[in-house]
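K.L.:
below are the sequence and a predicted model for it; my questions follow.
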Amino acid sequence: MIEPTVSIIIPTKDGQELLNRSVGSVISQKFSDLIEIIVIDDGSKAPVVLPRSTERRRCRIIRNDKSVGPAEARNMGAVIARESRK
């Protein structure tokens, strides 16, 4: 697998349908092999899941039990993206 060069961070809270559309948009890009997707589930009532279309791609979900807000959720994703490059 090619190492990703771009990390897409998607914070979400109770937004499964929008998450499906967002992830679908990312993986339809020409260079999607160079992209990793980090979803931060920011305290959703029902945990969100990745669409089936992500099965062989570099995607993951990080779940917060309590909401920390969209800015902090993005910051968490940025830290995770940096750590994955070490």
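P.N.:
Arrived safely, thanks for sending.
K.L.:
can you pull out the low-pLDDT segments for the protein?
P.N.:
1-2, 56, 85-86 (pLDDT under 70).
K.L.:
just the strands in it please.
P.N.:
Taking DSSP state E to define them, one finds strands in the chain at 6-12, 35-42, 59-64.
K.L.:
pretty sure Met76 contacts Val39?
P.N.:
No. Between Met76 and Val39 there is no contact under Cβ atoms under 8 Å: 11.0 Å. To be clear about C-beta, it is placed using only N, CA and C from the backbone, and glycine gets the same treatment.
K.L.:
common neighbours of these two, please.
P.N.:
With contacts taken as Cβ atoms under 8 Å, 6 or more residues apart in numbering, the residues that reach both Met76 and Val39 are Ile62.
K.L.:
so between those two, which is more surrounded?
P.N.:
In this view Met76 and Val39 are compared by other Cβ atoms under 10 Å, and Val39 has more residues nearby, 24 against 18.
K.L.:
can you pull the contacts of that one?
P.N.:
The neighbours of Val39, taking Cβ under 8 Å, 6+ apart as the test, are Ile10, Pro11, Thr12, Leu19, Val23, Val48, Leu50, Cys59, Arg60, Ile61, Ile62.
K.L.:
can you pick the most crowded of the residues you listed?
P.N.:
Pro11 (24 neighbours).
K.L.:
isn't that one right up against Ile38?
P.N.:
No. Using Cβ under 8 Å, Pro11 is not in contact with Ile38, being 9.5 Å away.
K.L.:
overlap of the contact sets of the two?
P.N.:
With Cβ under 8 Å, 6+ apart, Pro11 and Ile38 have common neighbours Gly77.
K.L.:
hmm, Val48 is touching Asp41, no?
P.N.:
Yes. Val48 is within contact range of Asp41, at 5.0 Å (criterion: Cβ under 8 Å).
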